[in-house]
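Visitor: This is a predicted model, with the sequence first.
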Amino acid sequence: MSQTPLRTEWPFGPVKATRPAAGQDVSTSDPAARRTALPHGTRRGGMVQRVDSTVVVGIADHEVLVRDGIRAAFERAHGIDVVADTGDESATIEMTLRHRLGVLLIDSRMAGTRGAWVTRTVRRLSPSTAVVVLASSPGGGHLDRVLRAGVAGCLLKSGDPQDLVAAVRVVATGGAVLYPEAARRVLDSVARIDTERVERARELIGGLTSREREVLALVAQGMANSEIGRALHLSEGGVKAHISRLLTKLGCGNRVRAALIARDAGLTEGLVVDPACRRPD
């Protein structure tokens, strides 16, 4: 069946794409050739691949022209086979499982709204499939949602086609790829989480007495009750009483959690313990 050449500039720059002729199934241009040997795939780098190490790729995007352009980007990519595509969120899960995809390329609009559920479902039902989100623009509220959904990468559709090919190879071997704005969001999120944890720890520590803070600082150093007693000139029973009260105030069920709070709050910074206090009982 003949195909009509189509010249397109988007996505991924100037590429030569082909549009299937009327009546032809757009999900697979050659089902017999593309689906051969898929049930006998092997795992390599955590991804499901064919016996010949070809990375099996699927595309999920609402727009046919976009899917055609992405397919064209992989036409000459050795070791990568785009086996199917779809424009429907629910069909994305079926496509992933049927073809045992090593990499799923999904549009950010599909991945960022209801598609966030799709992405999480794919990760749950097919953990060996690496999900890469393709975004139309650097910003947008979709980014935080898809990153939390557990994607392996996030790229811009306006990028170089070779960057997409390289990204597929990276995630297929267990790596991750992010465009600069996405990488900055991740770093900001980590920093924000660290800041919030520190502030919360300091708030909790603020509710302790000075003696309880002293005891907690030594608990965070891994000292036993008897050692803490020697360091602070307290009886072992007195140490136990202080620890019981501070655990209640901190809302902790054990010393390990209390020690982590102490470290987050900086309670152990600059603390010097007399070695004599650590002598055996």
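Guide: In hand now; what should we look at? Numbers count the residues shown, from 1 in each chain.
Visitor: so where's the chain uncertain?
Guide: 1-52, 111-115, 138-144, 146, 185-187, 189-191, 193, 270-281 (pLDDT under 70).
Visitor: Could I get the full set of strands for it?
Guide: Listed in chain order, the strands of the chain (DSSP state E) span 4-8, 15-19, 42-44, 47-49, 55-60, 80-86, 103-107, 130-135, 153-156, 177-178.
Visitor: Which residue is the nearest non-sequential neighbour of Ile70?
Guide: Residue nearest to Ile70 in three dimensions, not counting chain neighbours: Ile59, with 5.3 Å by CB to CB, 6 or more residues apart in numbering. Placement of C-beta: from N, CA and C, glycine included.
Visitor: Okay, and the beta partners of that neighbour?
Guide: Asp85, Leu105 (DSSP bridges).
Visitor: Then Ala130?
Guide: Counting by DSSP bridges, the residues bridging with Ala130 are Val103.
Visitor: That one contacts Val103, doesn't it?
Guide: Yes. Between Ala130 and Val103 there is a contact at 5.0 Å, judged by CB atoms under 8 Å.
Visitor: Now for the residue nearest to Ile70, how many residues are close by?
Guide: Number of residues near Ile59 (other CB atoms under 10 Å) recorded here: 27.
Visitor: check contacts around it.
Guide: 67, 70-71, 82, 84-86, 105-106 (CB atoms under 8 Å, 6 or more residues apart in numbering).
Visitor: Please tell me how far it sits from Ser126.
Guide: According to CB to CB, to the nearest Å, Ile59 stands 16 Å off from Ser126.
Visitor: Leu164 now?
Guide: From Leu164 to Ser126 the distance is 21 Å (CB to CB).
Visitor: Ok, Pro180 next?
Guide: Relative to Ser126, Pro180 is positioned 29 Å away (CB to CB).
Visitor: of those two, who's got more company?
Guide: Ser126 (18 against 9).
Visitor: Name the nearest residue to the more buried one, ignoring sequence neighbours.
Guide: Ser126 sits nearest to Thr96 (CB to CB, 6+ apart), 5.3 Å away.
Visitor: how about Arg67, what does it touch?
Guide: Here Arg67 is in contact with 26, 59, 61, 85, 87 (CB under 8 Å, 6+ apart).
Visitor: mind running it again at 6 Å?
Guide: Contact analysis of Arg67 by CB atoms under 6 Å, 6 or more residues apart in numbering lists 59, 61, 85.
Visitor: would you list every one of the helices in this structure?
Guide: 31-35, 64-73, 89-99, 108-112, 115-125, 142-148, 161-172, 180-205, 210-219, 225-232, 236-250, 255-264 (DSSP state H).
Visitor: Could you identify which of these is most buried?
Guide: With neighbours defined by mean count of other CB atoms under 10 Å, none of the helices of the chain is more surrounded on average than helix 108-112, at a mean of 24.
Visitor: and the closest residue to Gly79 other than its chain neighbours, what are its phi and psi?
Guide: Nearest residue to Gly79, sequence neighbours excluded (CB to CB, 6+ apart): Thr54, at 5.4 Å. Main-chain torsions, Thr54, degrees, to the nearest 10: phi -70, psi 130.
Visitor: what about Thr54, how many residues close to it?
Guide: Thr54, neighbours per other CB under 10 Å, totals 17.
Visitor: Next, find the distance separating it from Ala77.
Guide: 10 Å.
Visitor: Then Val64?
Guide: 21 Å.
Visitor: again, but for Ala116
Guide: In terms of CB to CB, Ala116 sits 28 Å off from Ala77.
Visitor: Need the max-distance pair from the contacts of Ile59.
Guide: Greatest spacing in the contacts of Ile59, by CB to CB: Arg71 and Ile106 (14.6 Å).
Visitor: The residue nearest to Gly79 and Phe74, how far apart?
Guide: 11 Å.
Visitor: now Val198
Guide: Val198 sits 46 Å away from Phe74, taking CB to CB as the criterion.
Visitor: And for Tyr179?
Guide: 19 Å.
Visitor: JSON lines please, covering the contacts of Ile59 and showing distance to Glu214.
Guide: What follows is the contacts of Ile59, written out as JSON lines (distance: CB to CB, whole Å):
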{"residue": "Arg67", "distance to Glu214": "65"}
{"residue": "Ile70", "distance to Glu214": "62"}
{"residue": "Arg71", "distance to Glu214": "66"}
{"residue": "Val82", "distance to Glu214": "64"}
{"residue": "Ala84", "distance to Glu214": "64"}
{"residue": "Asp85", "distance to Glu214": "64"}
{"residue": "Thr86", "distance to Glu214": "63"}
{"residue": "Leu105", "distance to Glu214": "56"}
{"residue": "Ile106", "distance to Glu214": "54"}
